[in-house]
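**Student:** No letters, just coordinates:
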């Protein structure tokens, strides 16, 4: 059977870069700044631009000066493209604004954090829940061509038909306007894939109007750079599988379809059409599969993502190495094991708190094991819910934001605090510390809220600093101070209004000492202790603890411990007790200052360690080069 041809006089066009997001404006195949010609029928499907002279440039035919200069992401944009002659537009075609391949790299730099890019791809799968998705798999693949690792994303959502995959891989297009979907800018797929690796290939199968199709698209920064392109070209091929076998869908000519397929095979991990089609076997009846390969390296020349440290996790190598030090203090070990720190280097930890509400019929499967959902609010003690009503522009749109706030169950042994702020169920700012650094008030206090009234930045790792955001930040500061004032004594911190030289306290201590001295010989030992406890509980306020400083930490005495200390020194005057209290508070402040100084020293040492590692890597590279030069020289002399 001959391949299906859908002609309709549709020209080959550039990648669509429409900013329209509601589906009513210019779409693929319509005349705009990025199209070459107006087709005669709006339902016609355009092919992404692929000029034959460029498609023939296979990896083996690329000159040395066009090779990738660096596999490090932050250096991958530093290259020069020589002048390339472009054919004049055909008669009736429109000259269009080009999107240079460097834009793919500069656009991806919006993701400072690799896990932020992975979260974008998880968001796309989560948005497919409304189309029946029940899982998204994230795993490592091995590329047979060069034995390198690749990153796999696979979901069983509705999939993408030929039109939808072109919208996905174009620049700036989004049809997501639902109040429940996370994606909205139409830029996440491009920025996230290009942030994680130089190349990405997409496989998608979908059924629309009783027609089942499967499509393959290649977004290859390596291809664009090595062939010297000055325009973003994305080869795609489509198949109609409604019948008994896959039939190619032709939009312009068989030659163009064949050139697209050849370019995909030349620049993807798959060497034949049969091997390419095998990639659809694990997709099922519908779904999408993304393979990101040529993963970026860090400054030391090793992969930024680590797959070997944990067989059930994907880790950020640089962040994980910061905690790999020996003979750590017990306090530091507790801090490094807390989820507030683990999310910096463990994808499993980050994915566990990425969504505020648990999905009933959807799982994130990381390297073969489902990610357990983590509810931060269940980790809080003495929690309470505080309501906040932001002042929106339209009074009719007033909303109420409920914030759950409380102390971590580990408080005060670890110094972790901040708000976990979500937007449309998605974590945007984890453990956002709104108080100033070095400020002791608020230590151990954590809050959780969903702020749908403010807009996140494009990388979804922060919020746009609007007036509403500034007002929210101010209110959260007030909230944490109010909570601290009323609850800090419950975990052993000194209340803000505690005054050791208070007159009422002095009178109480004098009276207590007098009563103890009179009744010491009249009551049995047990009854004597019981009465002291009762008097102490009745007269001494619970928000005014007496503290006992030890060498390794600050501990607050319970009522019973205080009674014992008073009983053993009943003959001491109130002035002596007051003086000892003042001395203890002075020592407490000194320990706090010393702790702050030690933290600063640790930070300085960590920075020096990073610099030293960089220098060691440079020296290792130089030594390796010299060693190779020496071998070459010795070989040449021998010859």
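**Tutor:** Alright, I've got the coordinates. Remember, predicted model here, so these are calculated numbers, not experimental data.
**Student:** what residue ranges in the stretch 451-600 of the chain score low on pLDDT?
**Tutor:** Low-confidence regions of the stretch 451-600 of the chain, defined by pLDDT under 70, span residues 497-572, 575, 578.
**Student:** how about a cut-off of 80?
**Tutor:** When residues are selected by pLDDT under 80, those of the stretch 451-600 of the chain lie in 496-583, 585-586, 589-590.
**Student:** which other helices and strands contact the lengthiest helix in the chain?
**Tutor:** What stands out as the longest helix in the chain, according to DSSP state H, is helix 574-638. With contacts taken as 3 or more CB pairs under 8 Å, 6 or more residues apart in numbering; DSSP states H and E, helix 574-638 sits against helix 503-519, strand 547-549. For the C-beta atoms, the positions are set from N, CA and C on the backbone; glycine is no exception.
**Student:** Please repeat the previous calculation with a cut-off of 10 Å.
**Tutor:** Contacts of helix 574-638 with other secondary structure elements, assessed using 3 or more CB pairs under 10 Å, 6 or more residues apart in numbering; DSSP states H and E, are made with helix 317-322, helix 503-519, strand 547-549, strand 554-556, helix 559-567.
**Student:** The spatially closest residue to residue 220 that is not a sequence neighbour and residue 219, how far apart?
**Tutor:** Spatial nearest neighbour of residue 220, chain neighbours left out: residue 199 (4.4 Å); criterion: CB to CB, 6 or more residues apart in numbering. According to CB to CB, to the nearest Å, residue 199 and residue 219 sit 7 Å apart.
**Student:** anything in contact with each of the two?
**Tutor:** Counting by CB atoms under 10 Å, 6 or more residues apart in numbering, the residues touching both residue 199 and residue 219 are 193, 292.
**Student:** Can you name the element that comes right after the host helix or strand of residue 256?
**Tutor:** Assignment of secondary structure by DSSP states H and E places residue 256 within helix 254-267. Heading C-terminal from helix 254-267, the first helix or strand you meet, by DSSP H and E, is helix 273-278.
**Student:** Buried residues of that next one, list them for me.
**Tutor:** Neighbour counts using 16 or more other CB atoms under 10 Å place 273, 276-277 of helix 273-278 among the buried residues.
**Student:** which one of those residues is nearest residue 401?
**Tutor:** Using CB to CB, residue 276 is the member of the buried residues of helix 273-278 that lies nearest residue 401, at 48.9 Å.
**Student:** for that closest one, what are its contacts?
**Tutor:** With contact taken as CB under 10 Å, 6+ apart, residue 276 is in contact with 201, 203, 216, 237, 261, 264-265, 268-270.
**Student:** returning to what we had before: now the residue nearest to residue 220, what's its secondary structure?
**Tutor:** Using DSSP: H, G, I helix; E, B strand; the rest coil, the structure places residue 199 in strand.
**Student:** give me the number of residues near it?
**Tutor:** Using other CB atoms under 10 Å, residue 199 has 22 neighbouring residues.
**Student:** I'd assumed residue 217 was in contact with it.
**Tutor:** No - contact status for residue 199 versus residue 217: not in contact, 11.6 Å apart, counting by CB atoms under 10 Å.
**Student:** Kindly state the beta-bridge partners for residue 287.
**Tutor:** residue 205 (DSSP bridges).
**Student:** re the thing from before, packing partners of the helix holding residue 256?
**Tutor:** Short answer (3+ CB pairs under 10 Å, 6+ apart): helix 254-267 packs on helix 52-55, strand 197-208, strand 211-220, helix 221-226, strand 236-240, strand 247-250, helix 273-278.
**Student:** Buried residues of it, list them for me.
**Tutor:** By neighbour count on 16+ other CB under 10 Å, the buried set for helix 254-267 is 256-257, 259-267.
**Student:** isn't residue 339 right up against residue 350?
**Tutor:** Yes - under the criterion of CB under 10 Å, residue 339 makes contact with residue 350 at 9.1 Å.
**Student:** Between these two, tell me which one has more neighbours.
**Tutor:** residue 350 (25 against 18).
**Student:** now the helices: where do they sit in the stretch 351-500 of the chain?
**Tutor:** Residue ranges of the helices in the stretch 351-500 of the chain, as given by DSSP state H, counting those that start in this stretch, are 467-487.
**Student:** Now the common contact residues for residue 339 and residue 350.
**Tutor:** Counting by CB under 10 Å, 6+ apart, the contacts common to residue 339 and residue 350 are 374, 430.
**Student:** could the helices and strands packed on helix 254-267 be laid out in CSV, adding distance to residue 360?
**Tutor:** Formatted as CSV, those follow (distance: least, CB to CB, whole Å):
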stretch, distance to residue 360
helix 52-55, 47
strand 197-208, 24
strand 211-220, 28
helix 221-226, 38
strand 236-240, 34
strand 247-250, 37
helix 273-278, 33
